[in-house]
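In: Kindly return the folded structure for what I paste below:
(chains A, B and C)
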Amino acid sequence: MGSIVPFQDLNLLPSPFCTNPTTTLLTPKIEPKAEPLDEPIHTHQFEFHHNTPGPFNSSSTIAFFPNSQNTPVPEPNFDQDNVFSEYYRISELFRSAFDKRLQQQYGDVEALDPDSRAIVSVNQDNQLSTAVVSRRKYDKRSSDLVRVQDLGMDDQKYFRDVVRKTRMLYDSLRIISVDEEEKRRGLGQGRRARGDLTAASMMRDNGLWLNRDKRIVGPIPGINIGDLFFFRMEMCVIGLHGQAQAGIDYLPGSQSVNGEPIATSIIVSGGYEDDEDSGDVIVYTGHGGQDKFNRQCEHQRLEGGNLALERSMHYGIEIRVIRGIKKYEGSVSSKVYVYDGLYKIHDCWFDVGKSGFGVYKFRLLRIDGQPEMGSTTLKFAETLRTRPLSVRPKGYLSLDISMKKEPMPVLCFNDIDNDHDPLYYEYLAKTVFPSFVYNLGSTGAGCGCVSGCTYGCLCAMKNGGEFAYDNNGSLLRGKPVIFECGPFCQCPPNCRNRVSQKGSRHRLEVFKSREAGWALRSLDLIHAGDFICEYTGVVLTMEQAQIFAMNGENLVYPNRFSAKWAEWGDLSQVLSDYIPPSYPSIPPLDFAMDVSRMRNAACYISHSATPNVLVQFVLYDHNNLMFPHIMLFAMEHIPPMRELSLDYGVADEWTGKLAICNE
DNA sequence: GGTCTTTCACAGAG
DNA sequence: CCTCTGTGAAAGAC
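Out: Numbering: from 1, shown residues only, chains lettered A, B, ... in the order given. Prediction:
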């Protein structure tokens, strides 16, 4: 049995090597007008073991504070078979044991007197807890304050995947709903649809918002420092910040165990003139006292979020900080939000603001030992894009290894050793297929849209009656293969159905990292669904590939990439009657690619089981289904400077890295 | 449990 | 650039 983690001693940084995840239910049950916690709350700790696989694996420990102070705690007498795998069920169990309100709400819950500190006994078959869960509508946020820490690698991967899929669905819904709206009204007619709001409400109606069954203090599982968001609703959906507009998110006093509000996250967007933001130190202004033009017109009061921040300072509770940055290049919206990590509030005072009215101010200091702030990286990348040598005088081997074969430069950077390897390959901007590929199949079938393609054109029909991309060039729905307009079409080059054939729109950088060898990143932010680049090489038939393989060459086998395209734009989770458009089935791909002499930036992309890049097959310059182009799209918003990764679908022995790049 | 109020949105117009 | 406006939605307060 471990020890309970006192508030003051929290290890705030999940160690990647820690295999013993713990969740602490926080009940800041302090006597009214309590002094700061000089001594840890002394309690026994219960451990609740559960063996079924789930988000918390079998080594998980759930620790919690019993609800009051000094009564002796009986040693828990658990039946080891009473096991629950899902976190929320455990949460419900604790709630039923300690919360009389739940008993009033659900008469059939067998909740004991909270003061007895005994765990409610539950039927062997879990029927009680599932009954509670199914009856409970998660239309309101929970009042359980919880801290999740020390997640093991498996749990981190699990939550990262849940968050990624949720965000992917959100973005698909947002893009598709805007696209449908424009289809209905015509491009540029009237006010643009608020896809950010539509997507959020559809997901809420389907119970797909994350972390509503608990209020998380500290890090959100699956969210890393530096992660980007383009809409406030995006952060609501995953539970990073639950307010659609307000800057301070908090558990209200009316729901708190001791009646005091507790703040959990803030957004620093520059909406208050008295803010001072110097990165590690923030002077944050409380809310209130503004008129509708955001001008301070009266004194602020110590209530709501302001009081919550003060109470969080009192208890030493960490605050998530998200920064909003206006007009960042490449953003699909007017703002970019970046998660910058955890801060603690050190001071709170009432001050006279620039307006002459009284405002509350909070000095926050960033907690040490966290990864670099995402906003710092965003700013760094901004200068790197325009003047790379001013911030990095050493380390650049080339400012464009593509030698202008790509529309954007492909940089090459190494500041850790003398390896110049990427300079020695001929840069291949587009895959070239054997000539017979171009001769097979009907080559004359192009669309005749002389003044640009519209819905219903021949190429749209080939894609199941819709275009594969929206007007920003984002992938709408993944398909077995996408048919872009090509040389047989009459449409102009700016046609919306010619996204991937134009090459990368982002400044890519091949770089050497200590962990993964040569790798790839972007100096521009990449929006989820954006085209990144083609994966090029010299195409070999399988007969040729066998000879190459016998000579020890490592080849790329396109049919091995995991079929992540199927997850992109799959709306079956929110639309029960959603039937994916029917696609022509394509034959299994029967070729390999040699990248030992000619290659582009793509072959430096690292392997990951939770990748941020997906493969989508595309045809445009010929109609041979057996030989599509391998096109790469972003599966999530990728911040500048973050390493790109791809699921090569390779076996375990091929760990971490495509061997061909490190030969 | 409704209804009201507050809120560091968002996009487009001028 | 800025300011302003309409529409909008969540959630806390009462």
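
In: Just give the strands next to the helix or strand hosting A:Val338 in its sheet, each with its orientation.
Out: Using DSSP states H and E, A:Val338 falls within strand A:335-352. With DSSP bridges as the test, strand A:335-352 is paired with strand A:228-229 (antiparallel), strand A:319-326 (antiparallel), strand A:358-366 (antiparallel).

In: deepest of these, which one?
Out: Comparing the strands paired with strand A:335-352 by mean neighbour count (mean count of other CB atoms under 10 Å), strand A:228-229 comes out on top with a mean of 24. C-betas here are computed from N, CA, C, even on glycine.

In: tell me the mean pLDDT for that one?
Out: Across strand A:228-229, pLDDT averages out at 98.

In: ok now it, how far from the chain's centre?
Out: Relative to its parent chain, strand A:228-229 has a centroid offset of 8 Å by CA atoms, centre = their mean, to the nearest Å.

In: How about that strand and DNA strand C, touching?
Out: No - using CB under 7 Å from any atom of the strand, strand A:228-229 stays clear of DNA strand C, coming no nearer than 14.9 Å.

In: helix or strand right after that strand?
Out: helix A:232-238.

In: Give the other helices and strands that that following helix contacts.
Out: Secondary-structure packing of helix A:232-238 (3 or more CB pairs under 8 Å, 6 or more residues apart in numbering; DSSP states H and E): helix A:153-185, helix A:195-205, strand A:335-352.

In: OK, contacts around the closest residue to A:Lys462 other than its chain neighbours?
Out: Nearest residue to A:Lys462, sequence neighbours excluded (CB to CB, 6 or more residues apart in numbering): A:Phe483, at 4.1 Å. By CB atoms under 8 Å, 6 or more residues apart in numbering, A:Phe483 lies in contact with A:Cys459, A:Lys462, A:Asn463, A:Ala468, A:Val618, A:Leu619, A:Tyr620.

In: Compare those and tell me which is most surrounded.
Out: Within the contacts of A:Phe483, A:Ala468 tops the neighbour count with 27 neighbours, counted by other CB atoms under 10 Å.

In: Can you report how many residues lie near A:Val281?
Out: Residue neighbour count, defined by other CB under 10 Å, stands at 13 for A:Val281.

In: same thing with the one 3 residues further on?
Out: A:Tyr284 has 26 neighbours, counted by other CB under 10 Å.

In: follow-up on the earlier one: pipe the strands paired with strand A:335-352 into TSV and attach distance to DNA strand B per row.
Out: Formatted as TSV, the strands paired with strand A:335-352 follow (distance: least, CB to the nearest atom of the strand, whole Å):
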stretch	distance to DNA strand B
strand A:228-229	8
strand A:319-326	5
strand A:358-366	9
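
In: Of the helices and strands packed on helix A:232-238, which is nearest DNA strand B?
Out: Closest to DNA strand B of these, according to CB to the nearest atom of the strand: strand A:335-352, at 4.3 Å.

In: Tell me where the model's unsure across the stretch 101-250 of chain A.
Out: The model of the stretch 101-250 of chain A has pLDDT under 70 over residues A:101-138, A:186-190.

In: what residues does it put near DNA strand B?
Out: Residues of the stretch 101-250 of chain A found near DNA strand B, taking CB under 7 Å from any atom of the strand as the criterion, are A:191-192, A:194, A:196, A:230-233, A:243-248.

In: what subset of these is also close to DNA strand C?
Out: Okay, of these touching DNA strand C (CB under 7 Å from any atom of the strand), that's A:Arg194, A:Met233, A:Gln243, A:Ala244, A:Gln245, A:Ala246.

In: The second one: neighbour count?
Out: When neighbours are counted by other CB under 10 Å, A:Met233 registers 22.

In: my read: it touches A:Gly195, true?
Out: No - contact criterion CB atoms under 8 Å: A:Met233 and A:Gly195 do not qualify, at 9.7 Å.

In: how long is stretch A:391-409 from one end to the other?
Out: End-to-end distance for stretch A:391-409, by CA to CA, to the nearest Å: 18 Å.

In: Next, the buried residues of it.
Out: Neighbour counts over stretch A:391-409 (16 or more other CB atoms under 10 Å) mark A:Tyr396, A:Leu397, A:Ser398, A:Ile401, A:Ser402, A:Glu406, A:Met408, A:Pro409 as buried.
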